[in-house]
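# Need a 3D model of the sequence below.
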Amino acid sequence: MKKALILDLDNTIYPVSSISENLFADLFVILDQHAEIINVDDGGKVEKIKDEMTRRPFQHIADEFNLDKGVRDKMIDILRNMAYTQPMKTYDDYLHVRAVPLDKFLVTTGFSKLQWSKVKMLGIEDDFKHIHIVDPDVNQQTKKDVFAEIMRTHNYTPGDLLVIGDDPESEIKAGRALGIDTFLYDPANKHSHVQVTYRSHNLQDVLKLI
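Residues are numbered from 1 along each chain as shown. Now for the predicted structure:
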């Protein structure tokens, strides 16, 4: 029997696509303005970066695509001070997880001000025993580090926990490395090849596992 749940935020509790047009508008303008530099070795790189920004932390994307330093710095300056203030809505099936009478921890990667603004606009702050923002702009802490800290602080064993998220290379990978059961939320069935403990297109299926 599980004692606590660890959840990701972006594309797990709400769809980033629902806010991306407003959230990333200024950043996409910068990418378009520097498309000639960015696309010099790959004509589709700008569009690939835009797509990845709806799913992964910016610093990881910038590193992977070897983004021009000047462009990267401009975008980070915006991201550091960005907050989202428009209405937001969770996935409908998150409501089932919300109602589970277990301790819950939110562990999300991104710029602190922006991630906190999403939490507040979604109205989910009180759903969690603790909220951890893994901010690559501040330190080198990882989700794996935070998961281990949660276990130490609350005397959980790996078997006490279930990690819920959408990213095989982030929270799912971190949970597996620590021996924690993982639940891959994959509504579009994008990651059928990934090794996880559980997978589903519906968060309601979490209730069967606890």
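# what packs against the helix or strand bottoming out on mean pLDDT in the chain?
The helix or strand with the lowest mean pLDDT-type score in the chain, counting by mean pLDDT, DSSP states H and E, is helix 35-38 (a mean of 88). Contacting helix 35-38 under the criterion 3 or more C-beta pairs under 8 Å, 6 or more residues apart in numbering; DSSP states H and E are the following elements: helix 45-52. In short, each C-beta sits where N, CA and C put it, glycine included.
# who does the helix it packs on touch, helix- and strand-wise?
Using 3+ C-beta pairs under 8 Å, 6+ apart, helix 45-52 is in contact with helix 25-33, helix 35-38, helix 58-64.
# what about dumping the CA coordinates of the shortest one to PDB?
Once side chains and other backbone atoms are set aside, the C-alpha atoms of helix 35-38 remain, and they are given as PDB (Å, rounded to 0.1, in the frame of the first residue of the first chain):
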ATOM      1  CA  ALA A  35      15.900  31.800 -37.300                       C
ATOM      2  CA  GLU A  36      18.700  32.300 -39.800                       C
ATOM      3  CA  ILE A  37      21.400  31.800 -37.100                       C
ATOM      4  CA  ILE A  38      19.600  29.000 -35.300                       C
END
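# For it, buried residues please.
For helix 35-38, a neighbour-count test (16 or more other C-beta atoms under 10 Å) marks Ile38 as buried.
# Touching it from outside, list them.
Residues outside helix 35-38 that contact it (C-beta atoms under 8 Å, 6 or more residues apart in numbering) are Leu31, Lys45, Val46, Ile49, Phe65, Leu67, Asp68, Val71.
# Pull out the buried members of the residues you listed.
Buried among the contacts of helix 35-38 by 16+ other C-beta under 10 Å: Leu31, Lys45, Val46, Ile49, Phe65, Leu67, Val71.
# Compile these into TSV and extend it with columns for pLDDT.
Written out in TSV, the entries for the buried ones among the contacts of helix 35-38 read as follows (pLDDT from 0 to 100):
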residue	pLDDT
Leu31	94
Lys45	90
Val46	92
Ile49	94
Phe65	92
Leu67	91
Val71	94
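# Mark out where each domain of this structure begins and ends.
Using automatic domain parsing, the domain parsing of the chain gives 4-14+86-209, 20-80.
# looking at these, which one has the lowest mean pLDDT?
Confidence, taken as mean pLDDT, is least for domain 20-80 of the domains of the chain (a mean of 90).
# Please compute how far that domain lies from its chain's middle.
When C-alpha coordinates are averaged (C-alpha atoms, centre = their mean, to the nearest Å), domain 20-80 and its chain have centres 18 Å apart.
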